[in-house]
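Participant: Need coordinates for the following:
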Amino acid sequence: MALRGRRNILRPTYDWLNKMESIAVVLAAGQGTRMESTLPKVLVEVAGRPMIEYVLDAIDRAGIDRTIVVVGYQAELVEQTLKDRKNVEFALQAERLGTGHAVMSARPNFEGHSGPIVVLTGDAPMTRSESIAALVDDYKTHRPACVLGTAHKENPYGLGRIVRDSSDQFVGIVEEKDATDEQRAITEVNMSYYVFDGERLPGVLTDLRADNKQGEYYITDCPGLFVKRGLTVRALPVLKPNEALGVNTLADLAQVERVMLEGEE
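Facilitator: Numbering: from 1, shown residues only. Below is the predicted model:
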């Protein structure tokens, strides 16, 4: 797949620099039909700005070196909107087959990278730079296969629960529909913030399967696949509950704007 948008001309390829560099992959290919807008979902405005701008601002403040935005629906419009942002490049998800497939679409952009790869969604305008930085710092300290950001929510309905063993180590993510009554009582939830080891991510993407009713590849399956390989996955409850606020409907949009205006955490 050809690189879209910003190109990396004469990028240094020294191994030591590659290991120090951090990359973010932002999933921004969706249409967002429930927003009652013809715009790509991530360009719908929240408090007067396209919602993806808040995510990219947080990435910049966290000190991430490169950002790959995965585009799909009206890709050219998203690229045009973001064309003046520094250190941003684009990857095309021509056929939208899930979040895991979106990261697969960005693989040519990060092929050979051995440092941290942060994966975020572009429809979460409450994303905080402090949370991204904390996850990246933890990765650099411990070098696990994956670090995922979690939060404790009083009402976790609809969110994937974080399952831990008796030693408090991450075991897996169980979605609401698949959870037992005991697992539904868990308040620690997956927040769709991931930091992957750049050397290990391509292999686990290859192992993803679309054996579900939607026929899609899910990035949420990656941490569990690492665990099955005997690799370390760390789940850190460092995120604020409101960081889980995505914008899928007009009601969500109103809630996020209210939280922004009131400065709630």
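Participant: Next, count neighbours for Arg96.
Facilitator: Residues within reach of Arg96, counting by other CB atoms under 10 Å, total 17. No exception for glycine: its C-beta is placed from N, CA and C like everyone else's.
Participant: right, and it touches Gly72 too?
Facilitator: Yes - with contact defined as CB atoms under 8 Å, Arg96 reaches Gly72; the gap is 5.2 Å.
Participant: Buried by neighbour count: which residues of the lengthiest strand in the chain qualify?
Facilitator: If you go by DSSP state E, the chain has its longest strand at strand 188-197. Buried residues in strand 188-197, counted by 16 or more other CB atoms under 10 Å: Glu188, Val189, Asn190, Met191, Ser192, Tyr193, Tyr194, Val195, Phe196, Asp197.
Participant: residue boundaries of the strands in the stretch 1-150 of the chain?
Facilitator: In the stretch 1-150 of the chain, the strands defined using DSSP state E, counting those that start in this stretch lie at 4-5, 23-28, 45-46, 49-50, 66-71, 88-92, 116-121, 146-152.
Participant: before we move on, the earlier item: what's the overlap in contacts for Arg96 and Gly72?
Facilitator: Ala29, Gly30, Ala102 (CB atoms under 8 Å, 6 or more residues apart in numbering).
Participant: Can you name the residues that contact the last one?
Facilitator: Meaning Ala102. With CB under 8 Å, 6+ apart, Ala102 has these contacts: Val25, Leu27, Ala29, Val70, Gly72, Gln93, Arg96, Ile219.
Participant: Just list the residues touching the third one, thanks.
Facilitator: The contact partners of Ala29, by CB under 8 Å, 6+ apart, come to Pro40, Val70, Val71, Gly72, Tyr73, Ala75, Gln93, Arg96, Ala102, Ser105.
Participant: quick one: which of these is most hemmed in?
Facilitator: Val71 (29 neighbours).
Participant: Around the residue nearest to it when sequence neighbours are not counted, count how many other residues there are.
Facilitator: Closest residue to Val71 apart from its sequence neighbours, by CB to CB, 6 or more residues apart in numbering: Val78 at 4.7 Å. Val78 has 26 neighbouring residues, counting by other CB under 10 Å.
Participant: ok so, going back, and the shared contacts of Arg96 and Gly72, which of them are in helices?
Facilitator: Ala102 (DSSP state H).
Participant: before we move on, back to that, tell me which of the strands of the stretch 1-150 of the chain sits nearest to Val238.
Facilitator: strand 146-152 (6.1 Å; CB to CB).
Participant: pLDDT (mean, whole number) over that closest one?
Facilitator: Averaged across strand 146-152, the pLDDT comes to 95.
Participant: what's the answer for stretch 65-75, then?
Facilitator: 97.
Participant: Between the two ends of it, how far is it?
Facilitator: End-to-end distance for stretch 65-75: 23 Å, by CA to CA, to the nearest Å.
Participant: Run the chain-centre distance for it.
Facilitator: Distance, stretch centre to chain centre, for stretch 65-75: 12 Å (CA atoms, centre = their mean, to the nearest Å).
Participant: pLDDT weak spots in the chain?
Facilitator: 1-20, 264-265 (pLDDT under 70).
Participant: quick one: Ser129 and Lys140, what's the gap?
Facilitator: To Lys140, Ser129 is 16 Å away according to CB to CB, to the nearest Å.
Participant: now swap in Ile64 and tell me
Facilitator: In terms of CB to CB, Ile64 sits 13 Å off from Lys140.
Participant: what are the bridge partners for the most centrally placed residue in the chain, then?
Facilitator: Residue closest to the average C-alpha location in the chain (CA atoms, centre = their mean): Leu120, at 1.9 Å. In this entry, Leu120 is beta-bridged to Val26, by DSSP bridges.
Participant: I figured Ala133 hits Gly63, correct?
Facilitator: Yes - counting by CB under 8 Å, Ala133 does reach Gly63; the two are 6.7 Å apart.
Participant: Compare neighbour counts for these two and give me the winner.
Facilitator: Ala133 (18 against 11).
Participant: residue contacts, the residue nearest to the more buried one when sequence neighbours are not counted?
Facilitator: Ranked by CB to CB, 6+ apart and with sequence neighbours excluded, the top spatial neighbour of Ala133 is Ala62, at 4.4 Å. Contact analysis of Ala62 by CB under 8 Å, 6+ apart lists Ser129, Glu130, Ile132, Ala133, Val136.
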